[in-house]
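Student: heads up, no residue letters with this:
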């Protein structure tokens, strides 16, 4: 998979994408992630990418011509705009996105983007929740992390994906409680069934609704 992120703040991605599972997937060649600075498509010497909104209002709006030029330079791919008014992101959507060969993710900023990006450039508009962030960079990190860990071979043991919280058809939809050593700590004990060695009982305990 190839993922292109379009952002005004490329430096923000250095830590999250250089660590843990995302880095492992990248090192294995399972994903290629490129962080692209939207200012590279600015047309003036000031590298400006925004302007005042028509009709008045507070703040600045990211310009359609800048974003459209950047998206076109990425080549063919699934274009996702991260915006507070978009469809709520969930595990099902992450699974859907994980099947694309190329994702192009647009990080909004300032007061938002020219709405023509929603109407004519983006294939899909996604929100990670009902709250306000300074920009689309953190949502992009969430989406990329969630999608990349679903790529076959990323986790090493694909069975882990089947048992994760919010996996489709999982009942209940959150993962069962897990325990490890020590067996007892401050009088807090591991449930007896997990120590029994009875796999049928353990499976039933982990999936009480089944």
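Tutor: Great, that's in hand. Quick caveat: nothing in here was measured; it's all calculated off a predicted structure.

Student: report the buried residues of stretch 185-197.
Tutor: Residues 190, 194 are the ones in stretch 185-197 that count as buried (16 or more other Cβ atoms under 10 Å). For every residue, glycine as well, the C-beta is placed using N, CA and C.

Student: start at 530, not 1
Tutor: Yep, numbering from 530; the last one is stretch 714-726 now.

Student: now do the end-to-end distance for it.
Tutor: 21 Å (Cα to Cα, to the nearest Å).

Student: how far out from the middle of the chain is that stretch?
Tutor: 36 Å (Cα atoms, centre = their mean, to the nearest Å).

Student: so what touches it?
Tutor: For stretch 714-726, the external contacting residues (Cβ atoms under 8 Å, 6 or more residues apart in numbering) are 708, 712, 713, 730, 731, 734.

Student: show me where pLDDT drops low in this protein?
Tutor: Within the chain, the stretches with pLDDT under 70 are 686-702, 738-739.

Student: let's go with 80 and repeat that
Tutor: Residues of the chain meeting the criterion pLDDT under 80: 639-640, 685-704, 737-739.

Student: any idea which helix or strand carries the residue nearest the centre of it?
Tutor: Central residue of the chain (Cα atoms, centre = their mean): residue 672, 0.6 Å from the mean position. Using DSSP states H and E, the element containing residue 672 is helix 666-677.

Student: what are the buried residues along that helix?
Tutor: 666, 668, 669, 670, 671, 672, 673, 674, 675, 676, 677.

Student: columns distance to residue 622 on top of those, output as TSV?
Tutor: Shown next, in TSV, are the buried residues of helix 666-677 (distance: Cβ to Cβ, whole Å):
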residue	distance to residue 622
666	19
668	12
669	14
670	16
671	11
672	9
673	13
674	14
675	9
676	9
677	14
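
Student: ok, these vs residue 623, which is closest?
Tutor: residue 675 (4.2 Å; Cβ to Cβ).

Student: quick one: contacts for the closest one?
Tutor: Counting by Cβ under 8 Å, 6+ apart, residue 675 has contacts 618, 620, 623.

Student: for the chain, what spans make up the strands?
Tutor: Along the chain, counting by DSSP state E, strands occupy 531-536, 561-566, 579-580, 590-591, 607-617, 631-636, 653-656, 713-714, 717-718.

Student: partner strands of the second one, with direction?
Tutor: It stands for strand 561-566. With DSSP bridges as the test, strand 561-566 is paired with strand 531-536 (parallel).

Student: ok and the partner strand relative to strand 631-636, angle-wise?
Tutor: Interaxial angle of strand 531-536 relative to strand 631-636 (axes from the mean of the first three to the mean of the last three Cα atoms, to 10 degrees): 10 degrees.
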